[in-house]
Every structure is written in structure tokens, then in C-alpha cells.
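Student: Take this sequence and fold it.
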Amino acid sequence: MTSPKDVRDVHLPVTIESQTEVFRGFRKMDVIEYVEDGSGLRAKRELVEGRHAVAVVVFDPQLEKLIMIRQFRLGAQLGTGHGFTCEIVAGLIDEGEEPIDSAKRELTEETGLVAKRIKPLCQFLTTPGLTSEVIHLFYAEVDASNMARSAGMRDETEQTFPFLLTYDEAMEAVDQNAIFNGIVMLGLMWFSRHRDKLGQ
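Tutor: From the prediction side, this is the model:
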């Protein structure tokens with residue numbers, strides 16, 4: 001029986017019996033055969049190798065507005081038909097880069113803004129049955145009084161459109177399931193639960 005204090009992810013010893021790369025492009029996919037050491041359960045899985053990434057909840061305390069972006073996502077287009085998505089700042093961590101430095105860089109690349117204050121919130125998995133990707137979630141405060149209408153790294157085929165919205169507008173979008181992206185939903189819900197402390 002699991003007690004509340006035991007509700008946490010823990011290590012389970014497994015032995016990787018084989019790992020074969022079957023595709024390499026923007027991401028790498030391996031076929032992995034493994035056995036759970038304790039139970040002897042054997043399984044074979046296809047796993048997308050996920051680099052660590054960052055996501056940033058961005059807020060202007062003077063304007064009392066959140067900053068989000070719009071950009072096109074092919075997966076969203078194919079999955080829901082709504083590919084021009086509302087998102088929080090996010091991106092992959094570069095080789096040798098610390099997560100907080102990546103968060104600052106992505107913030108500037110995707111919104112044109114500079115963090116006046118930034119702090120880590122949590123880490124989470126996106127789809128652990130499919131990929132090993134881990135997201136490092138941050139909170140950043142900015143001055144968005146002269147925010148650009150578009151940003152992004154064109155050499156990375158990225159075009160972003162920053163916009164301002166109130167806390168109520170953001171949470172209404174979550175409540176109405178007008179946003180499908182789980183990273184965005186988690187980031188906004190974390191902000192909702194902790195926003196009084198984040199400003200301190």
C-alpha cells in the first residue's frame with residue numbers, strides 16, 4: 001500500500017539488453033530491449049531520445065500581464081487541426097549550456113525581451129512512454145512595454161509572435177481547453193498556484 005509520503009517517482013533497477021538506433025534526424029529514435037531486474041518482466045520499446053529543454057512562464061509585474069507567443073507546430077496541426085498554437089517560451093538546451101542560461105536565451109530569441117529576474121520552478125517529463133525529454137520550467141519577469149510584434153530565429157525556421165494577456169484570460173483559455181499544449185497548461189497552472197510567492 002502506498003502512503004501519501006511515498007507518492008514520488010523512484011528508481012527501478014533494469015538491465016538494457018540491446019539498444020539499436022533506427023532513425024536519426026531532428027531527433028534520434030532507438031529500439032530498446034530491457035528486463036526489470038526484480039520482476040524479470042521483459043519489454044521492447046521504441047524511444048525518441050529527448051534532449052533536455054526549457055520552458056518559461058513570462059510576466060510583466062508593472063503591466064500585470066503574462067507574455068505568450070504564437071507559432072506553427074506541425075504536430076498540433078496533424079493532431080488537432082489547430083497548428084498555430086498559443087505557447088509559453090520554450091526551446092532545447094544547447095550543448096554545454098546551463099538550463100537557466102538557455103531559458104534567458106530562449107526568452108530573448110522568442111520575444112525580444114530580456115529577463116530582469118528569473119528563477120527555476122520544477123522539472124517534468126513530457127511523454128515518458130515515448131521520449132526521455134525533460135523540461136526545466138522557469139519563471140521570468142520582464143519589461144514588455146516595448147515588446148516586438150514578431151521574433152524568432154529565422155535560420156532555425158522559427159517565427160514567433162509575442163502577445164500580452166491577463167492572468168484571467170490565460171486561465172480562461174486553460175479552463176476552456178482552448179490550449180492543447182500540456183507544457184503551456186502545466187506552466188500556467190504552476191503560475192496560478194504559486195504567483196503570490198513568485199513576485200517576492
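Student: Tell me the helices and strands packed up against the longest strand anywhere in the chain.
Tutor: Longest strand of the chain, by residue count under DSSP state E: strand 14-24. Contacts defined by 3 or more C-beta pairs under 8 Å, 6 or more residues apart in numbering; DSSP states H and E place strand 14-24 against strand 28-36. Glycine gets a C-beta too; all of them are placed from N, C-alpha and C.
Student: So which bits of the strand it packs on are buried?
Tutor: 29, 30, 34 (16 or more other C-beta atoms under 10 Å).
Student: bridging residues for the last one?
Tutor: Right, the one you point to is residue 34. Beta-bridge partners for residue 34, by DSSP bridges, are residue 16, residue 43.
Student: Verify the contact between it and residue 15 for me.
Tutor: Yes: look at residue 34 against residue 15 with C-beta atoms under 8 Å: they come within range, at 6.4 Å.
Student: which residues sit against stretch 151-168?
Tutor: 60, 63-72, 109-113, 144, 147-150, 191-192, 195 (C-beta atoms under 8 Å, 6 or more residues apart in numbering).
Student: can you list the domain ranges for the protein.
Tutor: As recorded under automatic domain parsing, the domains making up the chain are 11-49, 53-198.
Student: could you dump those domains to a markdown table with mean pLDDT?
Tutor: Formatted as a markdown table, the domains of the chain follow (pLDDT from 0 to 100):
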| stretch | mean pLDDT |
| --- | --- |
| domain 11-49 | 95 |
| domain 53-198 | 94 |
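Student: Sounds good, over and out.
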